[in-house]
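[1] Sharing a model prediction with you, sequence too.
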Amino acid sequence: MFPPFPQELARHYCMELISNIEDGSVILKQISQESEERKGHGVMIGALVCVNAAGKRVVLHAVSGISVVLEQNVVPELVEGPAKIIVPPIVSPEEIEQALAKNDKKIHELTDALRPLRQAQGPQGPRGVGEPVEPHLKEQRTKLTTESLLNVFSLYTFTRFDGKKITLNEIIQAHGGRLPPTGTGDCCAPKLLSYAFEHNLTPISMDEVFYGRDTKNKTNGTSYPPCDERCGYILPYILGLEILYRDSQIIVVNKPSGLLSVPGRTEDKQDCVVNRVKKLFPHCIAQPSVHRLDMETSGLLVLAFTEEAHRNLSRQFEEGTVHKKYVALLDGVFNHNEYEGELQLKFRLDVDNRPHQIYDAVNGKLGITQWKKEGTELYTAPDGTKRRTTKIIFTPKTGRTHQLRLAASDPHGFGIPIVGDTLYGKCEPGERLMLHAFELEFRHPVSGQAMYFKIAGF
């Protein structure tokens, strides 16, 4: 995943810590039994540079995994420079061992029972007669290992960007029940960020440096961003944003469905992409938004950190040189002779039914939308029922309010609302609007470089 914060300053402190380890002033201590596959491997050394409420610099350190911890070997008061804190694991090895203990013996017994059965397998399947027992034993073992994994995951609780707590189980639910790999939560980044947010520290730089013998994937002394497999699964929920790109001028995020792009007028509508960006990056300008997505729509948003970047990006949107694509699922089968085309429809606000928009050929503002039919697919609703839907790619040429939702639902358009549309269709319990901004292309506001982003759909 893309490094959520600048790395340079934190790298300095990572390298300084590695020097301390090598001169003995900091100790890498093995606190639990090292697995055979991990023997001789290195660790990730992490640093998160923060400022506290008084504006003083604080440096947090952590190491990856749970079997090794850092220990200071000199009196902290005698160490020059900013305050340095060694961050412990989120969950201790003892707690994990206890969570695994219930099924551990039975899992080993099943593994031992499966070993000779595999050896007895012939090219045509198991030798002998009768029903093979291996699938049954494998099913038992899978059930027990999944249960053990869930027992471990239930121990993990992180502090988010806003000081609130979030459990790994809640994150798993947000992923539709898809389980993360083992060790999720034990990398440097979640430890460091959770600790910082719990103690009201503002991150300004974060880096992780590999320390140890070179491997196929990692080189000693090299910086690496947080990993996709584990950190990519949980960090967006700790940070409050999935950051796809960031530099000194702009930030590109993947907005989740259900989150406002900009703050509303009332107190209950202050949680939004803009305020989350400003919370994470205090140097951000007061009004960083240059475009927005409906609260129910997910996908790509670019925001500006500086006034110069904001002016440039706003001009690009006004001139129509920013290119966007959306994917939508229409709630039904779209029978049309053409597979692509363009809709030009005029809409205006329905003043008696805000925030709805209505078709008005006389007083409405023109919305132009190119579309392409990708085919039909079977959609599974949250309650498990299935229905046939139509996948459409929308390329808006204008930026009218609810333009794509109206192009789909209005009789002058397709006459088929998007799945989960609370305003122009129907939204079943647990459902979301199936509209996602998956492509975004613009020019970097300072360098002029072409910037292109594409992310997966639903």
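    On my side now, so go ahead.
[2] Next one: residue 88 relative to residue 425, how far apart?
    Taking C-beta to C-beta, to the nearest Å as the measure, residue 88 falls 49 Å from residue 425. (Each C-beta comes from the backbone N, C-alpha and C, glycine too.)
[3] So for those two, which sits in the more crowded spot?
    With neighbours defined as other C-beta atoms under 10 Å, residue 88 and residue 425 compare such that residue 425 has more, 19 against 13.
[4] Surely residue 208 and residue 189 touch.
    Yes: taking C-beta atoms under 8 Å as the definition, residue 208 is a contact partner of residue 189 at 6.9 Å.
[5] intersection of neighbour lists for those two?
    Here residue 208 and residue 189 have 46, 226 as joint contacts, going by C-beta atoms under 8 Å, 6 or more residues apart in numbering.
[6] what bridges to the closest residue to residue 201 other than its chain neighbours?
    With sequence-adjacent residues excluded and distances taken as C-beta to C-beta, 6 or more residues apart in numbering, residue 201 is closest to residue 50, at 3.8 Å. Beta bridges link residue 50 to residue 58, residue 203 when assigned by DSSP bridges.
[7] Just give the number of residues close to residue 50.
    27.
[8] Relative to residue 14, how far out is it?
    Computed with C-beta to C-beta, the distance linking residue 50 and residue 14 is 15 Å.
[9] can you check residue 449 too?
    29 Å.
[10] What of residue 194?
    Looking at residue 194 against residue 14, where the rule is C-beta to C-beta, the gap reads 19 Å.
[11] what's the longest helix in this structure?
    Selection of the longest helix in the chain by residue count, based on DSSP state H, yields helix 93-119.
[12] Give me the helix or strand of this structure that scores worst on average pLDDT.
    Lowest by mean pLDDT, DSSP states H and E among the helices and strands of the chain is strand 125-126, with a mean of 52.
[13] now the helices for the chain?
    So, for the chain - with DSSP H - the helices run 8-23, 93-119, 134-153, 168-174, 188-198, 231-239, 273-280, 307-319, 403-409.
[14] so residue 357 sits right up against residue 346, yeah?
    No: the criterion here is C-beta under 8 Å, and residue 357 misses it with residue 346 at 10.2 Å.
[15] Compare the two (neighbour count), which wins?
    residue 357 (23 against 16).
[16] hey, what's the closest residue to residue 403 other than its chain neighbours bridged with?
    Ranked by C-beta to C-beta, 6+ apart and with sequence neighbours excluded, the top spatial neighbour of residue 403 is residue 367, at 4.3 Å. Beta-bridge partners of residue 367, counted by DSSP bridges, are residue 345.
[17] what's the neighbour count on residue 367?
    23.
[18] Cheers, nothing more for now.
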